[in-house]
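Undergrad: how would this look folded up:
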Amino acid sequence: MKLLFVHQNFPGQFLHLAPEMQRRGHDVRAITDAANTKSSDVPTLLYTYKAPPLDAAATRLGRTFTMMSDRAVVVARLARKLRAEGYVPDVIYGHSGWGETLFLKEVWPEAKLLVFAEFYYRGLGADVGFDPEFQASGFDQVMIAQSRAAYLAQALIHADAAVTPTEWQASTHPPALRERLEVIFDGVDCDRLAPNPAARFALPDGRELRRGDEVLTYVARNLEPYRGFHIFMRALPAVLKARPEAQVVIVGGNEASYGPLPRQGGSWKDVLLEELGDRLDLSRVHFTGKLPYDRLVDLIHVSRVRAYLTYPFVLSWSMVEALAAGAMVVGSATAPVAEVIEDGVTGRLVDFFDVAGWSDALIDALARPEAYLPLREAARAMVRERYDLRSVCLPRQVDLLTRLARG
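TA: Have a look, this model is predicted:
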């Protein structure tokens, strides 16, 4: 097969699938944004997209579609050059989130188009208006969110098939589009993440943490309200007071992945540190910034407890990886998390906004690790059965590509 992957941050969700198809002898190529600095053994073509300034008054609710379709035009022009050189893929697999796939069927109508449909923006019932502290609510916000879905709907309508990682993410799509989706999780490598008693993790100050130490971790791409950073930070003073030996390791950047940065400037880390002041013992709270994956795996292996919070939004790989590694995960009782964690069986669930409840749950999990051993073992077994990369998810992804190519 000739397979073309399209992702502005390639490999992204195709980290394992693209090289697997290459290993099987297929002709695999990729298209990505020239700003993407990630390396890959897959032959990759670059496009350059710089968003033009938009007149907010003129574009109004259509500004998201304008940006996404402008990017799609750039990608389509690159595709036309490939077509002129004689390249015609059997299957195109692209992420729909940045508009890149919108016009590829116009270039290659004979190709099958598969899209990765990660999330469908909606006015009610998901992230919009979930957190009144940081989100405006009202009908204007409903209309803005709903209008953002226009390009996602177009991407799905033109696709021959689509994949989404979880049942809840599938449920964000309207029924007519939901029927097009196949739910296949990205997959986590349960063998690589197997508990490692010899694991070590060096803190920024040079101290070393080991498995068995009282370590509480929080991991996100960026530290922001969408991932409950504010709730976690507000729970920490009580945790640190109750557990004087606990060390807290916080991983993530200071940019914005999903929501906006603070209106007053700076980062959410700055805002929360100023809010909490001397209530935090910063000699035991360690900010690492973003970590390379090998270091992140080491941190997972020394974690006694992982806190994971999210708005009703896309589920993070990192939470499932922590479960796969046998960490005790305390998660927010929001729909994406509750699909994976059963409270009291494979982890603990706490109301997203219940700061005192978070403190209590984290304290108890840190204090009684042996009591939570059955939950940790059950969680690892569940992940291996449902989300393992090698035995479950990757074979399903390969099968879908193969079936699509065969029509």
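Undergrad: just checking, Val305 touches Met328?
TA: Yes: counting by Cβ atoms under 8 Å, Met328 is a contact partner of Val305 at 5.0 Å. For the C-beta atoms, the positions are set from N, CA and C on the backbone; glycine is no exception.
Undergrad: what sits against Tyr151?
TA: When contacts are counted by Cβ atoms under 8 Å, 6 or more residues apart in numbering, Tyr151 touches Thr64, Phe65, Met68, Ser69, Ser96, Gly99, Leu102.
Undergrad: ok, 6 Å please
TA: Listed by Cβ atoms under 6 Å, 6 or more residues apart in numbering, the contact set of Tyr151 reads Phe65, Met68, Gly99.
Undergrad: Assign a three-state SS to it, would you?
TA: helix (DSSP: H, G, I helix; E, B strand; the rest coil).
Undergrad: what's the helix or strand for the residue lying closest to it once chain neighbours are set aside?
TA: Closest residue to Tyr151 apart from its sequence neighbours, by Cβ to Cβ, 6 or more residues apart in numbering: Met68 at 4.3 Å. Assigned by DSSP states H and E, Met68 belongs to helix 63-84.
Undergrad: Show me what that helix packs onto, helices and strands only.
TA: Here helix 63-84 touches strand 44-47, helix 104-107, helix 150-158, going by 3 or more Cβ pairs under 6 Å, 6 or more residues apart in numbering; DSSP states H and E.
Undergrad: Surely Tyr372 is in a helix?
TA: Yes: assignment of Tyr372 by three-state DSSP places it within a helix.
Undergrad: My guess is it contacts Ala327. True?
TA: No: assessed by Cβ atoms under 6 Å, Tyr372 is found out of contact with Ala327, at 9.9 Å.
Undergrad: So which residue is dead centre in the protein?
TA: Ser316 (3.8 Å; Cα atoms, centre = their mean).
Undergrad: sorry, back to before: of the contacts of Tyr151, keep whichever come out buried.
TA: Phe65, Met68, Gly99 (16 or more other Cβ atoms under 10 Å).
Undergrad: before we move on, back to that, quick one: the very next helix or strand once past the helix holding Met68 to helix 63-84, angle?
TA: The element immediately downstream of helix 63-84 (helix or strand, assigned by DSSP H and E) is strand 91-95. Orientation of strand 91-95 against helix 63-84 (axes from the mean of the first three to the mean of the last three Cα atoms, to 10 degrees) gives an angle of 150 degrees.
Undergrad: Mean confidence (pLDDT) on strand 91-95, please.
TA: Across strand 91-95, pLDDT averages out at 98.
Undergrad: quick one: contacts of that strand?
TA: 3-7, 100-101, 104, 111-116, 401, 404-405.
Undergrad: What of stretch 137-149?
TA: Leu61, Thr64, Tyr120, Tyr121, Gly123, Val128, Gly129.
Undergrad: try stretch 29-36
TA: So stretch 29-36 is in contact with Leu4, Phe5, Val6, Gln8, Asn9, Phe10, Val42, Pro43, Thr44, Leu45, Leu46, Thr48, going by Cβ under 6 Å, 6+ apart.
Undergrad: go again using 10 Å as the cut-off
TA: 2-12, 14, 18, 22, 38, 40, 42-50, 71, 74-75, 78-79, 82, 87, 89, 92-94, 98, 100, 104 (Cβ atoms under 10 Å, 6 or more residues apart in numbering).
Undergrad: The stretch 301-407 of the chain: helices as residue ranges?
TA: According to DSSP state H, counting those that start in this stretch, the stretch 301-407 of the chain carries its helices in the segments 317-324, 335-338, 355-367, 373-386, 394-405.
Undergrad: Distance from the fourth one to the middle of the chain?
TA: Distance of helix 373-386 from the chain centroid (Cα atoms, centre = their mean, to the nearest Å) equals 21 Å.
Undergrad: just the first one next, same as before
TA: The gap between the average C-alpha position of helix 317-324 and the chain average comes to 11 Å, counting by Cα atoms, centre = their mean.
Undergrad: Dump it to PDB, keeping only the CA atoms.
TA: Extracted C-alpha coordinates of helix 317-324, given in PDB (Å, rounded to 0.1, in the frame of the first residue of the first chain):
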ATOM      1  CA  TRP A 317      -2.200   9.300  27.200                       C
ATOM      2  CA  SER A 318      -0.300  10.000  30.400                       C
ATOM      3  CA  MET A 319      -3.100   8.900  32.700                       C
ATOM      4  CA  VAL A 320      -3.500   5.500  30.900                       C
ATOM      5  CA  GLU A 321       0.300   5.100  31.000                       C
ATOM      6  CA  ALA A 322       0.300   5.700  34.700                       C
ATOM      7  CA  LEU A 323      -2.300   3.000  35.200                       C
ATOM      8  CA  ALA A 324      -0.300   0.600  32.900                       C
END
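Undergrad: Averaged pLDDT, stretch 196-213. What do you get?
TA: Mean predicted lDDT for stretch 196-213 stands at 94.
Undergrad: What residues sit buried inside that stretch?
TA: Buried, per 16+ other Cβ under 10 Å, within stretch 196-213: Asn196, Ala199, Phe201, Leu209, Arg211.
Undergrad: Which of the residues you listed fall in strands?
TA: Among those, the members falling in strands (DSSP state E) are Phe201, Leu209.
Undergrad: for the residue nearest to Lys290 when sequence neighbours are not counted, what are its contacts?
TA: Spatial nearest neighbour of Lys290, excluding adjacent residues (Cβ to Cβ, 6+ apart): Gly253 at 5.0 Å. Neighbouring residues of Gly253 by Cβ under 10 Å, 6+ apart: Ala220, Arg221, Asn222, Leu223, Glu224, Ser267, Lys269, Gly289, Lys290.
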